[in-house]
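Colleague: Sequence first, then the predicted structure:
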Amino acid sequence: MADPAGYGGLVSTDASPQQSPAPLEAIEQRGIDVIRGLAMDAPQRANSGHPGTAMALAPLAHTLFARVMRHDPADPAWPDRDRFVLSCGHASVLLYSMLYLTGYGLTLDDLTQFRQWGSKTPGHPEVHHTTGVEVTTGPLGQGVANGVGLGLAERWLRARFGPDLVDHYTFVICSDGDLMEGLSHEAASLAGHLGLGRLVYIYDDNHITIDGSTELAYDDDVPERFAAYGWHVEQLGEMANDVVGLEQAVRGAMAVEDRPSMLILRSHIGWPAPGKTDTAEAHGSPLGEDVVRQTKEILGLPPDETFWVPDDVLGFYRASTERGAEARRRWQERFEAWDGDKDQWESCWSGRPLAGWERSLPEFEPGKELATRRAIKQCVDATATSVPGLVLGSADLTENTGVELAGATAQSAAHPAGTQVHYGIREHAMGGAMNGMALHGGVLPVGGTFFVFSDYMRPSVRLAALSRAHVIYFFTHDSVGLGEDGPTHQPIEHLASLRAMPGLRVLRPADANECAAAWRLAVEQPGPTALVLSRQGLPVLAGTAGAPVARGAYVLVDPPGSRELDLVLVGTGSEVHLCTAAAELLAADDGPGLQVRVVSLPSWDLFGAQDDAYRASVLPAGVPTLAVEAASSFGWERYADDVVAIDRFGASAPGPEVLAHLGFTASAVAERAQLLLATSAVRSSTPRRQP
């Protein structure tokens, strides 16, 4: 079988999984033993951590980093590097050891500070925190889904820019726990359906979980399972210490271009620690000083030394990356000679749109009625050619959620450049894959689903925020206004829940013009953004075109004249137009004749980030303030004295009827406002800034 270009060495799939390990050069064996020593020492020093998996997989990590992968620590962001994912992130000391040995900037001191405050070696790998870490893994199954996104991004970019510029692989180590989590089922099914080659997963089948043997809860036929997903599957058997056999198996999987590969490796957790090998204790706890000493003696390491790395071992690993450095230099020459559209390339890899793209954003005339889920589609269609990295998809709700890009081709093995991804009914896999795509670089993923189903993907949304991944979510059907589908589909607590998540930008636009501004923010700003959008039509309001949505809140309507304000009505999304209508009722000559300000507050986090003076200018202290939002009232005390909200589940009926029954009409808001004015419960201080 031919060698994948530029990787060196022959590919063979003839090796028997049960064959005796081929002899290694002494320096390689010593290097593997040094990795095992570090895997014991770091958790022991921290009195916390997971040494066993790292010890068992030291030969595999050595094989990937020193023999197979093209990577260059001198340029960790090189676009065409191979990607490595440690989905079983609890074994992080294995990755940190390899990053130190191969020269990614970690030091031995960093390893001694494993799991300590402020260290570069936290308990689970974090992208952007430790150089060389590609994705943030920790919750099991996430790395499995991230790998699918990485592979999808590579194939899409290769189809778009050609193999001279994009031609790499993704390697994922996963565990029993990864494969038990439901996320892995979703992600593996999607990868098999899409026929994603260049994905090489190695399943560490060590038969141990924290509770004990996997037989307590797990007896899946993993080979049959992944074969049923459409993966290429090989059982490697007892090969955990056979570097030559591991390399042959990995290279064989690399040659499979039409589907992802799963290599099933039987390992022995904690090997060769006396009394700890194949035990749950080796999984989640340090081995203990005596066992560490005995194990070092077995391995031929100095038993009285910790974090021992001899110069020749360090030199060997640093030299092993020269192959990757040479590949990167050749890539740079090809890139410089490439006569393609470098503006498109730079836009993709910077994660930003082409210059002047905002001029394509539509502006909507007041009076028109348009659901914000429909308006966002018009914004996307109008600007798509100016956002080259855009890849849109949905969890089986493509037309419903505004992610149906006009003229787009569906992503598939037959159409690898397709920009429309059908994730199927797999919200969690969609979220995990989007994180992988964004962190790969070159792709700006947009994913859509009903807002209530954000529950299914929340762990991936949280990791997007933790990872500062540039992803965009369209969460539609955002309130009880969606109607007849009833309380199972009507979100109530979801806005409060997502607003509580650090690092996630949440916007609920009031109308089509606020949608255009929100889309611009989501595309131009780093990190994840959730756009919360309506199913029902909403009127385009006067004053929203060009409004300062980026400040999170602004004065939409102020009463004429110089009289002091009597009341502020503040709304978000589909309730802002109710505020304007209620303000008119309250200001009418035949009514109370009140001076009422209307504030649109599409984003709590953006408004909370403004200075005190701006926030006070929008929501002045001492003026009674009524908030209106068709969702939980939780948290509104920071901005309002009272709130028209929903602190119950919804009901099945036409949307307008449900809203009316729950108090979301202009007249009901006006009545609630008058009740507020009859009380003395008025804020006396500036609205609190978001923590």
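Modeller: Perfect, thanks for sending it. Because the structure is a prediction, the values reported are computed rather than measured. Numbering: from 1, shown residues only.

Colleague: what about the host helix or strand of V555, distance to the chain center?
Modeller: Assessed by DSSP states H and E, V555 sits inside strand 554-557. Taking C-alpha atoms, centre = their mean, to the nearest Å, one finds the center of strand 554-557 at 34 Å from the center of the full chain.

Colleague: what about it, average pLDDT?
Modeller: Within the predicted structure, the mean pLDDT of strand 554-557 is 98.

Colleague: what do you get for stretch 191-208?
Modeller: The average pLDDT for stretch 191-208 rounds to 97.

Colleague: CA atoms only: put it into PDB for me.
Modeller: Output in PDB follows, covering the C-alpha atoms of stretch 191-208 (Å, rounded to 0.1, in the frame of the first residue of the first chain):
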ATOM      1  CA  ALA A 191     -18.800  10.800  10.400                       C
ATOM      2  CA  GLY A 192     -19.700   7.500   8.800                       C
ATOM      3  CA  HIS A 193     -22.600   8.900   6.900                       C
ATOM      4  CA  LEU A 194     -20.400  11.700   5.500                       C
ATOM      5  CA  GLY A 195     -17.600   9.300   4.600                       C
ATOM      6  CA  LEU A 196     -14.900  11.300   6.300                       C
ATOM      7  CA  GLY A 197     -11.500   9.900   5.600                       C
ATOM      8  CA  ARG A 198      -8.300  11.100   7.100                       C
ATOM      9  CA  LEU A 199      -9.800  10.500  10.500                       C
ATOM     10  CA  VAL A 200      -7.800   7.900  12.500                       C
ATOM     11  CA  TYR A 201      -9.300   7.100  15.900                       C
ATOM     12  CA  ILE A 202      -7.500   4.800  18.300                       C
ATOM     13  CA  TYR A 203      -9.800   3.300  21.000                       C
ATOM     14  CA  ASP A 204      -7.900   2.500  24.200                       C
ATOM     15  CA  ASP A 205      -9.700  -0.600  25.200                       C
ATOM     16  CA  ASN A 206      -8.300  -1.000  28.700                       C
ATOM     17  CA  HIS A 207     -11.400  -2.500  30.400                       C
ATOM     18  CA  ILE A 208     -11.300  -0.100  33.400                       C
END
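
Colleague: Buried ones in that stretch, by neighbour count?
Modeller: Across stretch 191-208, burial judged by 16 or more other C-beta atoms under 10 Å covers 191-208. Yep, even glycine has a C-beta here, placed from its N, CA and C like the rest.

Colleague: So which residues of the stretch 301-450 of the chain form strands?
Modeller: Taking DSSP state E, counting those that start in this stretch to define them, one finds strands in the stretch 301-450 of the chain at 369-370, 390-394, 420-422, 444-450.

Colleague: related to what we said a few turns ago, the buried residues of stretch 191-208 in helices, which ones?
Modeller: Among these, the members falling in helices are 191-194 (criterion: DSSP state H).

Colleague: A550 is in contact with A517, isn't it?
Modeller: Yes. If you go by C-beta atoms under 8 Å, A550 and A517 touch, sitting 6.9 Å apart.

Colleague: Neighbour count: those two, which is higher?
Modeller: Counted by other C-beta atoms under 10 Å, A550 and A517 do not tie: A517 has more neighbours, with 22 against 17.

Colleague: roughly how far out does the helix or strand in which the more buried one is found sit from the chain middle?
Modeller: Taking DSSP H and E as the definition, A517 sits inside helix 512-524. With C-alpha atoms, centre = their mean as the basis, helix 512-524 stands 21 Å off its chain's centre.

Colleague: Pairing partners for whichever helix or strand comes after it, with directions?
Modeller: Using DSSP H and E, the helix or strand that follows helix 512-524 in sequence is strand 529-532. Strand pairing for strand 529-532, using DSSP bridges, gives strand 472-476 (parallel), strand 505-507 (parallel).

Colleague: so which of those strands comes closest to M434?
Modeller: strand 472-476 (8.3 Å; C-beta to C-beta).

Colleague: what stretches of the chain score poorly on pLDDT?
Modeller: 1-20, 22, 680-691 (pLDDT under 70).

Colleague: how's it carved up into domains?
Modeller: Following the assignment in automatic domain parsing, the chain carries domains at 26-329, 357-539, 550-677.

Colleague: Minimum distance to G351: which of these has it?
Modeller: Comparing the domains of the chain by C-beta to C-beta, domain 357-539 comes nearest, at 4.8 Å.

Colleague: Compute the first-to-last residue distance for that closest one.
Modeller: 26 Å (C-alpha to C-alpha, to the nearest Å).

Colleague: That domain: how far from the chain's middle?
Modeller: Per C-alpha atoms, centre = their mean, the centroid offset for domain 357-539 relative to its chain is 14 Å.

Colleague: what about V380, neighbour count?
Modeller: Neighbours of V380 under the rule other C-beta under 10 Å: 23.

Colleague: For it, which non-adjacent residue is spatially closest?
Modeller: L405 (6.3 Å; C-beta to C-beta, 6 or more residues apart in numbering).

Colleague: residues near that neighbour, how many?
Modeller: 19.

Colleague: Check A273 too.
Modeller: A273 is flanked by 27 other residues according to other C-beta under 10 Å.

Colleague: you'd agree it is up against T295?
Modeller: Yes. Counting by C-beta under 8 Å, T295 is a contact partner of A273 at 4.5 Å.

Colleague: Now list whatever residues contact both of those two.
Modeller: Common neighbours of A273 and T295 are listed as 40, 287 (criterion: C-beta atoms under 8 Å, 6 or more residues apart in numbering).

Colleague: circling back: just the strands paired with strand 529-532: most buried one?
Modeller: Stretch with highest mean neighbour count among those: strand 472-476 (a mean of 28; mean count of other C-beta atoms under 10 Å).

Colleague: neighbouring contacts of that strand?
Modeller: 372-373, 376, 397, 400-403, 444-451, 454, 461, 494, 522-523, 528-535.

Colleague: What's the first helix or strand after it?
Modeller: Heading C-terminal from strand 472-476, the first helix or strand you meet, by DSSP H and E, is helix 494-499.

Colleague: what comes into contact with that next one?
Modeller: Contacts of helix 494-499 (C-beta under 8 Å, 6+ apart): 451-452, 454-455, 458, 461, 475, 478, 504, 506, 508, 530, 532, 572, 604-605, 629, 631-632, 634-635.
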